[in-house]
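1. Pasting the sequence and the predicted coordinates here, then a few questions.
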Number of protein chains: 2
Amino acid sequence: MSKGRQTREAVLDAAVAAASTSGLAAVSIGELARKVGMSKSGVFAHFESKENLQIEVLRSAVSHFIAEVVGPALKKPRGEARVRALFENWFDWSGNASLPGGCIFIAAASELDDKPGPVRDYLVSTQKEWLATLSQAVRIAVDEGQFRSDVDAQQLAHDFYSILLAYHHFSRLLQMPAARVRAFRSFEQLIESARVKDSSSRGSNGRKPAARK
Amino acid sequence: MSKGRQTREAVLDAAVAAASTSGLAAVSIGELARKVGMSKSGVFAHFESKENLQIEVLRSAVSHFIAEVVGPALKKPRGEARVRALFENWFDWSGNASLPGGCIFIAAASELDDKPGPVRDYLVSTQKEWLATLSQAVRIAVDEGQFRSDVDAQQLAHDFYSILLAYHHFSRLLQMPAARVRAFRSFEQLIESARVKDSSSRGSNGRKPAARK
DNA sequence: TGTAAAAGCGAACGATCGTGCTATTCTGCC
DNA sequence: GGCAGAATAGCACGATCGTTCGCTTTTACA
């Protein structure tokens, strides 16, 4: 890799870490330059604007996310195993050492939700892709016969996301140690209620137990 | 009310609105002054520092929250009705006209979750109080015999919060029109699964069908 | 109504922001 | 090893930031 790309990646790594704690807007180019031992203009030259830097920060985070969360999960067998892997990898990723402030997308989400522009547009598109990936995995589990056929894949993906949002809130802001187990308990309940019922669970069984969560 | 308190409140109202969209840190005193038609130093004089301004912004939001969410809910009869009122008032409040960026506490939460200091400390204390209020209302519903005795009040309060976090995320960032109905569907499911089972669920009716909205 | 206190204004401060421009240093290829 | 181009540094710019200070206007009460 050329020297330029190399330092550019180093800058982006530092920027991703900083943005996960302080937010995208709070990462200044001067501070970033200090952190990687360069001049302000030296850093700036790699990105034509601050807005572009922010997009590249998100893009960098996305490629890490794909490499560490989506990729490995797709190697798992189709069905529940893959759904679990997606959620658990996601969970682990948000506690990654390179993200001292937790999932950068969640931080960026609440920062950008009222700030129209290309940065927000990019974030939205990645979030929609991620939700599509999640619900696609759920749909596969339905097709494989592991999840009930009346499972609403989009709603389930939505509920998974909701768990991670709550985990972030309660563990990061409120520092609740119980947050982690609560998150996984909620996850297990969701999975449980999505599974096709074991036919031996209560004798001859009825149809469509429905109850969720 | 003295002239000073009056303009101070006007400034705080504008600041709360601005902070709900742009975040606490992004609300500058100069911009705030422009918005209320005053000089920068005139605005500044009401708060000894920017940090103090931020705390006062939160404090102002809290008193509105208590007046519009908690207070009215406490007038409802003990039990499920009060729990519902707390959640629904909360929901309405976060879509209030004076909060163009949605619930200011959620915005502040992700902004401050890695920023130690008095502002964060104050936010954390209010959030814990709110969670305590929520779970207390749930506990009362248990005592009244409307919710099952094995309901985990803290977990339920946690789940309510989780719904609102997800609603915020999906409606504000992703602009999903379905977010609202999903939120209320999840809420109803939580309430439903907390209720004592109606013994007449499949027979000739019985007692206490537990009024459905 | 007079007067002390409260409230607000205007200018200035040092710092930092994003962004240009020019010059210098370094890298990679012939 | 020399040379073109990439990579980085240095400096300056206008703007805005939070904050201070002295002055003027307005308020509220005797």
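-> Cool, got the structure. Keep in mind the model is a prediction, meaning the values are calculated, not measured.

2. Next one: the nearest residue to A:A26 once chain neighbours are set aside from A:A107, what distance?
-> In space, and not counting its chain neighbours, A:A26 is closest to B:A25: 7.0 Å by C-beta to C-beta, 6 or more residues apart in numbering or on different chains. Where you see a C-beta, it was placed from the backbone N, CA and C, and this is true even at glycine. Going from B:A25 to A:A107 by C-beta to C-beta, to the nearest Å gives 13 Å.

3. So for those two, which sits in the more crowded spot?
-> A:A107 (24 against 18; other C-beta atoms under 10 Å in any protein chain shown).

4. for the lowest-mean-pLDDT helix or strand in chain A, which positions count as buried?
-> Least confident helix or strand, chain A: helix A:179-194 with a mean of 93, by mean pLDDT, DSSP states H and E. For helix A:179-194, burial by neighbour count (16 or more other C-beta atoms under 10 Å in any protein chain shown) applies to A:A179, A:R182, A:A183, A:S186, A:F187, A:L190, A:I191, A:S193, A:A194.

5. All the helices of chain A, in order from the start?
-> For chain A, the helices defined by DSSP state H cover A:3-22, A:29-36, A:40-44, A:50-65, A:71-74, A:80-94, A:104-112, A:118-143, A:153-168, A:179-194.

6. quick revisit: so which of the buried residues of helix A:179-194 comes closest to A:A33?
-> Nearest to A:A33 among these is A:A179, at 35.6 Å by C-beta to C-beta.

7. residues contacting that closest one?
-> With contact taken as C-beta atoms under 8 Å, 6 or more residues apart in numbering or on different chains, A:A179 is in contact with A:A166, A:Y167, A:F170, A:S171.

8. Got the confidence number for the residue nearest to A:A26?
-> Note for B:A25: predicted pLDDT of 97.

9. who are the neighbours in contact with the closest residue to A:R172 other than its chain neighbours?
-> Of all residues not flanking A:R172 in the chain, B:D113 sits nearest, at 4.0 Å (C-beta to C-beta, 6+ apart). B:D113 is in contact with A:G101, A:G102, A:H168, A:H169, A:R172, A:L173, B:R120, counting by C-beta under 8 Å, 6+ apart.

10. got it, and A:F170?
-> A:F170 touches A:M176, A:A178, A:A179, A:R182, B:H158, B:Y161, counting by C-beta under 8 Å, 6+ apart.

11. could I get the residues you listed as JSON lines with distance to DNA strand C?
-> What follows is those, written out as JSON lines (distance: C-beta to the nearest atom of the strand, whole Å):
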{"residue": "A:M176", "distance to DNA strand C": "32"}
{"residue": "A:A178", "distance to DNA strand C": "37"}
{"residue": "A:A179", "distance to DNA strand C": "32"}
{"residue": "A:R182", "distance to DNA strand C": "37"}
{"residue": "B:H158", "distance to DNA strand C": "37"}
{"residue": "B:Y161", "distance to DNA strand C": "33"}
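
12. returning to what we had before: Serialize the contacts of B:D113 to CSV and add fields for pLDDT, neighbour count and distance to A:V16.
-> Output for these, formatted as CSV (pLDDT from 0 to 100; neighbours: other C-beta atoms under 10 Å in any protein chain shown; distance: C-beta to C-beta, whole Å):
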residue, pLDDT, neighbour count, distance to A:V16
A:G101, 96, 22, 10
A:G102, 96, 22, 12
A:H168, 96, 23, 17
A:H169, 96, 23, 21
A:R172, 96, 22, 17
A:L173, 96, 22, 21
B:R120, 98, 20, 22
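
13. Between those residues, which sits nearest DNA strand D?
-> B:R120 (16.3 Å; C-beta to the nearest atom of the strand).

14. you'd agree that closest one is up against B:L112?
-> Yes: B:R120 lies in contact with B:L112 (C-beta atoms under 8 Å); the separation is 4.3 Å.

15. State the pair within the contacts of A:F170 that is farthest apart.
-> Between all members of the contacts of A:F170, the farthest pair (by C-beta to C-beta) comes out as A:A178 and B:Y161, at 13.3 Å.
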